[in-house]
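1. Sharing a model prediction with you, sequence too.
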Amino acid sequence: MGIIQLLIYFAIAGLLLTLITRYITKQHGTWLMSFLQHFAGVWFLVSGFVKAVDPLGTAYKMEQYFAEFESTFQHTWVSFITPMFPLLGKYSISFSVFMIIIEMVLGILLITGGWKKFTGWLFLIIVVFFTILTGFTFLTGYVPEGANFFQFSKWVAYDATRMKVTDCGCFGDFLKLEPKVSFMKDLFLLIPSVLFIIRRSQMHTLINDKFTKWYVGGITALLLFYCLQNFYFDIPTIDFRPFKEGVNVRETKLAEEKAASEVQITAYKLKNLKDGKIVEIPTAQYLAEMTKYPKEEWEVVDQVKSELAVPHTKISEFSFNNTEGEDIAESLLAEKSYSIMISAYKLGIKEINEKTVEVPDSIFSADTIRVGKDSIAVVKRFEKIEMKKTDQRSFVWDEDYLNIYKNIIVPFVKEAEKNGIKCYMVCNSYPDAIKDFRKQTGFDADIYTGDDLLIKTIIRSNPGITLWKDGIILKHFHYKKLPEFNQFKQAYIK
């Protein structure tokens, strides 16, 4: 589903609700304002709901934004605000749930017409906030490598590959919008947001303001519970991510890679270095007339490519390395029998302590000796022991996190391996941290490393448990919902 189709659905819903409001409930107010209330209200309800099913996804997106804001502001005259962003990142899940609830409650207030003044100003503040986020996302495409966002004189032609945050997350994983489209969407929403303030007397009211606090309070409580259910107690009830249950990851990955290899360059965009004019020339014409566009006068600023036959998803990036640095993704997906993946994008490290220590180091020298008549051999000869300085790290662990493994994961994995099921963990951490983690928890199955964003996309639980067979995801489990192995075997191992 694209943004245009979604907007049409919002408009239809807004029109139907407006007709009901005008003719059945006999409400006063102008047609335009009633329509805008319903249109914007439905928009915020849908946008909030698709994020409420996956609050962790929104939290991860917020972490990306906060990290980029920290990097952007730290070399400016307002660098004093940068410590705020790591703090916000630390509480990103709380911020995520708060924003989701505000968005959905605001949608309901718009539809019912409750607390008009409060609703109008809150809507404007939220839309301005979203416009700043999406505008930042889009405009970073003009910022070249090595330049700061606020160095406007260094901005160059737009290039989507320069964007640090590739999508705003406005509709979660339900719908990925191009940053430019998302920015334009929020600029459009500024129009009703202003009208809700200057023309609030023309807005309809379906429920008396005396009762508004009661239904707002009840809905807020229900939404809070629903959000918590979708990350704290369990995995999302609705999964919009590419690694949903039932997906054949191996076949999808091959299809996406094949589609990517078949993309053709259909045209080139060239910029005239004298007047800045940009022209688009079909590939065949450009290759035939290259001499007409010397590098001294023209610069290739972009390539126009054919559409992907199969859309690119995070499945294309499914890759994990073993201790030797070898990519073992293909062998994992080729596993014909059942296998269990433990996903942990971070291992519960609370603190890393680094210090320089001296360790003994044996010093050897090489000697050559004659062996027989015509050959020689090189032998090592011990000379002495010297003290060598080296950096050493120690880790302070979250005991609650370690106990999840000691009490739930490790016993489950041992039972699964006894029954001939391959088990392994994927994580993003230091080799010495993984070694210490094994010592702390007793986890002795294989551990592979990969991108933390990939691991977060596979399952919204840390740790999370995924049952695979022949490259297909059969079942995801939040660690709090993992059954005893015998129940697991009876229900899912056929």
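-> Looks like it arrived, so ask away.
2. where do the helices sit along the stretch 51-200 of the chain?
-> 55-73, 84-90, 92-112, 116-139, 179-198 (DSSP state H, counting those that start in this stretch).
3. now for the ones you listed, which one comes closest to Ile349?
-> The closest of the helices of the stretch 51-200 of the chain to Ile349 is helix 84-90. By CB to CB, the value is 14.1 Å. Bear in mind the C-beta positions are built from the backbone N, C-alpha and C, glycine included.
4. And the closest one, what does it pack against?
-> In terms of contacts (3 or more CB pairs under 8 Å, 6 or more residues apart in numbering; DSSP states H and E), helix 84-90 is packed against helix 55-73.
5. so what's Phe95 closest to, chain neighbours aside?
-> Excluding the flanking residues, the one nearest Phe95 by CB to CB, 6 or more residues apart in numbering is Met62, at 5.8 Å.
6. how close does the one you found sit to Asp400?
-> 23 Å (CB to CB, to the nearest Å).
7. confidence score at the residue nearest to Cys427 when sequence neighbours are not counted?
-> Using CB to CB, 6+ apart and skipping residues adjacent in sequence, the residue nearest Cys427 is Ala344, 4.5 Å away. Reported pLDDT at Ala344 in the predicted model: 96.
8. ditto for Arg370
-> At Arg370, pLDDT is 58.
9. same check, this time on Asp367
-> Looking at Asp367, its pLDDT stands at 65.
10. gap between the residue nearest to Cys427 and Tyr492?
-> Distance from Ala344 to Tyr492, by CB to CB: 21 Å.
11. and Met62 and Asp400? which has more neighbours close in?
-> Comparing Met62 with Asp400 by other CB atoms under 10 Å, the one with more neighbours is Met62, at 20 against 8.
12. check contacts around that one.
-> Leu88, Gly89, Ser92, Phe95, Ser96 (CB atoms under 8 Å, 6 or more residues apart in numbering).
13. how close does it sit to Ile3?
-> 22 Å.
14. ditto for Ser47
-> According to CB to CB, Ser47 stands 12 Å off from Ile3.
15. Give me the more crowded residue out of these two.
-> Ranked by neighbour count (other CB under 10 Å), Ser47 and Ile3 place Ser47 first, with 22 against 17.
16. wait, doesn't the more buried one sit right on Phe171?
-> Yes - counting by CB atoms under 8 Å, Ser47 does reach Phe171; the two are 5.8 Å apart.
17. would you turn the contacts of Met62 into a markdown table with neighbour count, pLDDT and distance to Ile8?
-> Output for these, formatted as a markdown table (neighbours: other CB atoms under 10 Å; pLDDT from 0 to 100; distance: CB to CB, whole Å):
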| residue | neighbour count | pLDDT | distance to Ile8 |
| --- | --- | --- | --- |
| Leu88 | 16 | 86 | 36 |
| Gly89 | 18 | 87 | 37 |
| Ser92 | 20 | 92 | 33 |
| Phe95 | 18 | 92 | 32 |
| Ser96 | 25 | 94 | 29 |
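18. Okay, now the unreliable bits of the protein?
-> 1, 27-28, 357-359, 361, 364, 366-380, 382 (pLDDT under 70).
19. where do the strands sit along it?
-> Listed in chain order, the strands of the chain (DSSP state E) span 265-272, 278-282, 298-305, 338-344, 349-371, 375-397, 422-427, 446-449, 464-469, 472-478.
20. out of the ones you listed, nearest to Ala147?
-> Taking the strands of the chain one by one with CB to CB, strand 298-305 is closest: 16.3 Å.
21. buried ones in the closest one?
-> Trp298, Asp302 (16 or more other CB atoms under 10 Å).
22. mind giving me the domain ranges of this structure?
-> Per automatic domain parsing, the domain ranges recorded for the chain read 3-233, 264-305, 316-348+398-492, 357-391.
23. Figure out which of those domains is closest to Thr252.
-> domain 316-348+398-492 (8.6 Å).
24. how much distance is there from that closest one to the middle of the chain?
-> Mean-position distance between domain 316-348+398-492 and its chain equals 20 Å (CA atoms, centre = their mean, to the nearest Å).
25. Quick check: end-to-end length of that domain?
-> Taking CA to CA, to the nearest Å as the measure, domain 316-348+398-492 stretches 27 Å from start to finish.
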